[in-house]
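**Q** Provide a 3D model corresponding to the input given below.
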Amino acid sequence: MNPTQDTLDLVRGALRSPSDLIAKTISTGTGLVAFDLQAPAKNLYPFVTPIRNVIPRVGGGTGTATNWRQVTALIGSGFDAMGWVPEGQRSGQMSYATASKSATFVTIGEEDAATYEAISAGRDFEDIQARMTFRLLQKMMLKEEMAILGGNASLQLGTPATPVLAASGTGATLPAATYYVKIVALTLEGYQNSSLTGGVATTKNITGPDGQSYTLSGGSSNISAEASQAVTLGQTLAATVTPLAGAVAYAWFVGTATNTETLQAITAINSASFASPLASGQQAQTAVTADNSANPNYAYDGLLTTAFKSGSNAYVATQATGTAGTGTPLTSSGRGSVVEIDTMFQTMWNNYQLSPTVLYVNVQELKNITAKVLSNASAPLLRYEVTGDGNAYDLAAAGAVSFYFNPFALNGGLRIPIRIHPRVPPGTIIGWAENLPVQYQSNEVPNVAEVKTRQDYYQIDWPVVTRQRQVGVYAEEVLAVYAPFAMGVITNIGNG
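**A** This next block holds a predicted model:
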């Protein structure tokens, strides 16, 4: 029904001459406003999978495992380094060193679900089902990156040695008492799964939407035997342990009564020091009752685990214990390089005539490498940015080393990129030859390692049995490492 002309005239008059008939003004506070919602939702989470992005993926897998036969050496007759033969005679026959290898296929996956109400409510904002699948695939790839780097199916950490304790110094605020210490070693997976607030990861039971459940190990060793040390006021408690093969970090449980220790520190070196009062409310040592370092029934061995395993022939160097809580940092060569990295390169060349093509590090180690290389002894250079007119310049400060030159390689050496990886822990440097050098090109192994797939990424839209759309993304794969000797690891590096 249209308002009459008289009604409109009355409204216009009231607006021209406000009176008690219209006593209030409509404002934004009434809520009668539009809602400016930007669509779709903004994905503000890191998605970093550098190794998964570059490692070759090869399909065609069948059966329960991929198998290969490898020739590891050509053994000459007589003296292996001599080929001399008398006139008219025949040489002896050469022989081979061979081995059979296999890697079992496993399944990785992740699932998500959206209710019908959520799908309807999200209409005109974002495609809930499509976005759900997209984020689901990203999350699975993030987990796959960890699997390729540090998956552990076969390397059991066991039980660490009993820690060695000492008390010394002055000025600390740790109360006088007898302190008891136990430790737990952590794999890369265990380090990523554990924290001071969340505690050491032991096991976790997972129940799927189908109602079936399974248990995963979190990546932690069994807890060590107990050690004790009397501390007087002002002293610092120092604790060290023998490094454990396969561990990249250690969790320290400390208490003032026997078998009452609680989690007080997680370190990337095999020592810790305590100078202030212990924190309360931390995880109790009773939470760790067994070795939960590997998942032999579900996982495959990643690059780091493969290198750590006995008999891999990978280069693995563990820094000396050094001062408790400080460790042994990297060493400057005094000529623009790092002694420990140079030693790794030289050893890999001497043993296998190859070099890593990339170094993966934590931000801590990138800073430390830079500090060792850019010193007064190495005559660091400032970078000058000159403008087009040549009359002004800028200085680029806080530089970092982005490449490391390895002179121990064919054809005059190799320039190796140093890349930060969010999953590499502090105290560890990983060198990896992504491809074998030219002298290996006749070996029928184009890749040092590859993800062999029996069934690459696939999506399952589960039948509707409830008022939800349920989706799973899976892959059936294994990491096949053909040349573990093409990897190098430096671990237990102190910060500094």
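
**Q** packing partners of the longest helix along the chain?
**A** Assignment by DSSP state H gives helix 128-150 as the longest helix of the chain. On a contact count with 3 or more Cβ pairs under 8 Å, 6 or more residues apart in numbering; DSSP states H and E, helix 128-150 meets helix 50-54, strand 106-115, helix 116-121, helix 188-193, helix 303-308, strand 449-461, strand 468-481. All C-beta atoms are positioned from the backbone trio N, CA, C, and that covers glycine.

**Q** now it, how far from the centre of its chain.
**A** Taking the mean of its C-alpha atoms, helix 128-150 sits 15 Å from the chain's own mean (Cα atoms, centre = their mean, to the nearest Å).

**Q** how about stretch 113-133?
**A** Averaging C-alpha positions (Cα atoms, centre = their mean) puts stretch 113-133 32 Å from its chain's average.

**Q** just the buried residues of it, please?
**A** Judged by neighbour count (16 or more other Cβ atoms under 10 Å), stretch 113-133 contains these buried residues: A114, G122, I128, Q129, R131, M132, T133.

**Q** again, but for stretch 133-145
**A** Buried residues in stretch 133-145 (16+ other Cβ under 10 Å): T133, R135, L136, Q138, K139, M140, M141, L142, K143, E144, E145.

**Q** distance check, the most centrally placed residue in the chain against Y180.
**A** Centroid-nearest residue in the chain: R423, 2.1 Å away (criterion: Cα atoms, centre = their mean). Applying Cβ to Cβ, to the nearest Å, the value for R423 to Y180 is 33 Å.

**Q** count of neighbours near L216?
**A** For L216, the count of nearby residues is 17 (other Cβ atoms under 10 Å).

**Q** would you say it is within a helix?
**A** No - under DSSP: H, G, I helix; E, B strand; the rest coil, L216 falls outside any helix and is assigned strand.

**Q** leaving aside the residues adjacent along the chain, what's closest to it?
**A** Take L216 and drop its neighbours on the chain: the residue closest to it by Cβ to Cβ, 6 or more residues apart in numbering is K204, 5.4 Å away.

**Q** touching, that neighbour and Y214? I think so.
**A** No - taking contacts as Cβ atoms under 8 Å, K204 lies outside contact range of Y214: 9.7 Å.

**Q** enumerate every residue touching A400.
**A** Counting by Cβ atoms under 8 Å, 6 or more residues apart in numbering, A400 touches L366, K367, T370.

**Q** and with 10 Å instead?
**A** By Cβ atoms under 10 Å, 6 or more residues apart in numbering, the contact set of A400 is V363, L366, K367, I369, T370, A371, V373, L374, I418, I420.

**Q** I'd like the helices and strands packed on helix 128-150 as a markdown table, with mean pLDDT and distance to S100 appended.
**A** Output for these, formatted as a markdown table (pLDDT from 0 to 100; distance: least, Cβ to Cβ, whole Å):
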| stretch | mean pLDDT | distance to S100 |
| --- | --- | --- |
| helix 50-54 | 91 | 27 |
| strand 106-115 | 94 | 20 |
| helix 116-121 | 91 | 52 |
| helix 188-193 | 97 | 28 |
| helix 303-308 | 96 | 17 |
| strand 449-461 | 94 | 16 |
| strand 468-481 | 94 | 13 |
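
**Q** so which of the ones you listed gets nearest G208?
**A** Nearest to G208 among the helices and strands packed on helix 128-150 is strand 106-115 (7.2 Å), distances taken as Cβ to Cβ.

**Q** so which elements touch that closest one?
**A** Here strand 106-115 touches helix 128-150, strand 449-461, strand 468-481, going by 3 or more Cβ pairs under 10 Å, 6 or more residues apart in numbering; DSSP states H and E.

**Q** dump the ones you listed into TSV; add distance to S91 as well.
**A** Formatted as TSV, the helices and strands packed on strand 106-115 follow (distance: least, Cβ to Cβ, whole Å):
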stretch	distance to S91
helix 128-150	45
strand 449-461	37
strand 468-481	35
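
**Q** between those, which one is nearest to N350?
**A** N350 sits nearest to strand 468-481 of all these, at 21.4 Å, using Cβ to Cβ.

**Q** may I have the strands that pair with whichever helix or strand comes after that closest one, each with its orientation?
**A** Downstream of strand 468-481, the first helix or strand assigned by DSSP states H and E is strand 487-491. Using DSSP bridges, strand 487-491 pairs in its sheet with strand 315-318 (parallel), strand 429-432 (antiparallel).

**Q** next, the buried residues of strand 487-491.
**A** M487, G488, V489, I490, T491.

**Q** poorly predicted segments of the stretch 351-496 of the chain, please.
**A** Counting by pLDDT under 70, the ranges of the stretch 351-496 of the chain that qualify are 375-398, 441-446.

**Q** cheers, nothing more for now.
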